[in-house]
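Engineer: Below are the sequence and a predicted model for it; my questions follow.
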Amino acid sequence: MNGQYSAFADVAIFEAVRTPWIDLGGALSQVSPIDLGIKVGREVLARAGIEPQAVDSVLAGSMAQASFDAYLLPRHIGLYSGVAQAVPALGVQRICATGFELLRQAAVQLRDGVQLALCVASESMSRNPIAAYTHRDGFRLGGEVQFKDFLWEALYDPAPGLDMIATADNLARRYGLSRKSVDRHACDSHQRALQAQRDDVWAEEIVTVDNQVFELEGYQPRGISLARRASAVSTDSHPRPTDLEALARLRAVHPGGVQTAGNSCAVVDGAAAALVGRASACTRPALARLLASAVVGVAPEFMGIGPAPAIRLLLQRSGLNLGDIGRFEINEAQAAQVLAVAYELELDSTRLNVQGGSLALGHPLAATGLRLVMTLARQLRQHNLRYGIAAACVGGGQGMALLIENPVYRA
């Protein structure tokens with residue numbers, strides 16, 4: 001099977017945290033993704049009880065150019081998180097799988113002698129710019145003036161001439177998925193997420209974000225100033241009660257399609273961070289062991305099916321089968337997309353996104369992969385399950401999957 005497979009030995013995720021996922025235009029809407037990244041970078045080190053000076057690699061990712069200093073995002077996250085000035089920082093990008101790629105890159109660096117990597121993914125969907133790419137030389141008299149919404153235009157793939165919603169509709173037609181079935185999945189995602197909130201299952205991974213200043217000796221301070229007069233945010237804002245009747249009333253994005261605003265992923269802001277190091281060097285039980293990764297390419301017009309071949313490659317090369325996997329966390333870009341993957345792999349719903357997914361929580365592009373992995377890892381520990389797989393489709397036609405193991409599993 002074509003694709004890239006990597007197996008890792010002695011690689012562990014020591015700790016991982018995230019901000020709450022907050023709706024577009026909400027309390028995080030005016031916060032630079034760099035500052036959100038600094039927040040989680042500092043917090044993950046504190047939670048792990050590790051001094052920032054112990055970090056010898058910084059890896060960070062963000063998709064949108066959401067601040068004027070966006071080029072400096074990896075470096076400034078490292079510096080303001082307290083990492084030593086001599087430690088380099090690298091920007092990583094694989095669109096919706098950026099969070100996974102951060103962990104893969106960290107594992108590869110461990111092979112080359114790195115001892116501890118700080119991985120941070122941060123996304124401000126709210127601060128996506130209204131952009132112009134063709135006016136550097138000014139505006140010609142009577143000529144076309146073209147400014148476009150980067151957030152909307154980024155969802156369009158000019159190769160097949162389709163937006164991401166249309167690619168999910170393609171999968172619905174290929175797999176015979178009805179509007180009712182995709183609405184039912186969206187409803188289930190919200191109900192599962194609401195139940196998870198009531199059960200407080202995300203308390204360990206979410207860090208409260210409040211107004212604060214980040215100091216760095218000898219340099220300009222920076223910080224977080226929440227919008228909408230908020231003093232702090234501590235829970236995901238998008239999960240909400242809904243029912244099939246309400247979802248059925250929403251108009252399809254494309255005529256004849258099944259995808260609507262209600263059964264597509266929520267647009268949110270948020271950041272996540274993880275510490276990756278050698279399992280043998282961990283002084284307390286790690287959050288998870290990172291065993292392997294797989295990345296594949298698929299047809300852009302069916303990009304949402306990407307997790308299926310990625311998971312197949314991961315299992316084939318690792319010697320495991322579907323029955324060995326206790327939980328799957330597959331990003332819910334669109335309901336038809338994740339249902340098509342489940343159908344293709346014959347996954348049962350009792351092991352898939354059991355706490356809800358991005359339809360309910362939201363999908364801050366770069367940060368989602370880290371959320372999937374930390375949520376998965378904590379589920380494995382809570383239920384004494386050994387293996388878990390996190391996966392996502394990627395715009396342009398890719399799929400990526402990671403295999404993790406519960407380090408405290410008892411047979």
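Structural biologist: Received the coordinates, thanks.
Engineer: So for stretch 49-61, first residue to last residue, what's the gap.
Structural biologist: From its first residue to its last, stretch 49-61 covers 24 Å (CA to CA, to the nearest Å).
Engineer: now swap in stretch 61-73 and tell me
Structural biologist: For stretch 61-73, the separation between the terminal residues is 8 Å (CA to CA).
Engineer: now swap in stretch 289-305 and tell me
Structural biologist: Taking CA to CA, the span from the opening residue of stretch 289-305 to its closing residue is 26 Å.
Engineer: quick one: the strands in the stretch 1-150 of the chain?
Structural biologist: For the stretch 1-150 of the chain, the strands defined by DSSP state E, counting those that start in this stretch cover 4-7, 11-18, 22-23, 57-61, 89-91, 116-123, 130-131, 148-149.
Engineer: same check, this time on the stretch 251-400 of the chain
Structural biologist: Listed in chain order, the strands of the stretch 251-400 of the chain (DSSP E, counting those that start in this stretch) span residues 268-278, 288-297, 325-330, 387-394, 398-405.
Engineer: To residue 347, which of these lies closest?
Structural biologist: With respect to residue 347, and counting by CB to CB, the nearest of those is strand 325-330 at 6.2 Å. From N, CA and C alone the C-beta is placed, and that goes for glycine too.
Engineer: quick one, that closest one and strand 398-405 angle?
Structural biologist: Following axes from the mean of the first three to the mean of the last three CA atoms, to 10 degrees, one obtains 150 degrees for the angle between strand 325-330 and strand 398-405.
Engineer: next one: strand 325-330 to chain centre, how far?
Structural biologist: Between the mean C-alpha location of strand 325-330 and the chain-wide mean there is a distance of 15 Å, by CA atoms, centre = their mean, to the nearest Å.
Engineer: for stretch 194-208, same thing?
Structural biologist: Here stretch 194-208 shows a centroid-to-chain-centroid distance of 17 Å under the convention CA atoms, centre = their mean.
Engineer: gap between the two ends of it?
Structural biologist: When the end residues of stretch 194-208 are compared by CA to CA, they are separated by 19 Å.
Engineer: In that stretch, which residues are buried?
Structural biologist: Judged by neighbour count (16 or more other CB atoms under 10 Å), stretch 194-208 contains these buried residues: 194, 196-197, 201-202, 205-207.
Engineer: same deal with stretch 111-127?
Structural biologist: Of the residues in stretch 111-127, those buried under the neighbour-count criterion (16+ other CB under 10 Å) are 114, 116-127.
Engineer: And for stretch 72-92?
Structural biologist: Judged by neighbour count (16+ other CB under 10 Å), stretch 72-92 contains these buried residues: 73-83, 87, 89-92.
Engineer: Show me which pair in those is furthest apart.
Structural biologist: For the buried residues of stretch 72-92, with distances taken as CB to CB, the pair at the greatest spread is 82 and 92 (20.6 Å).
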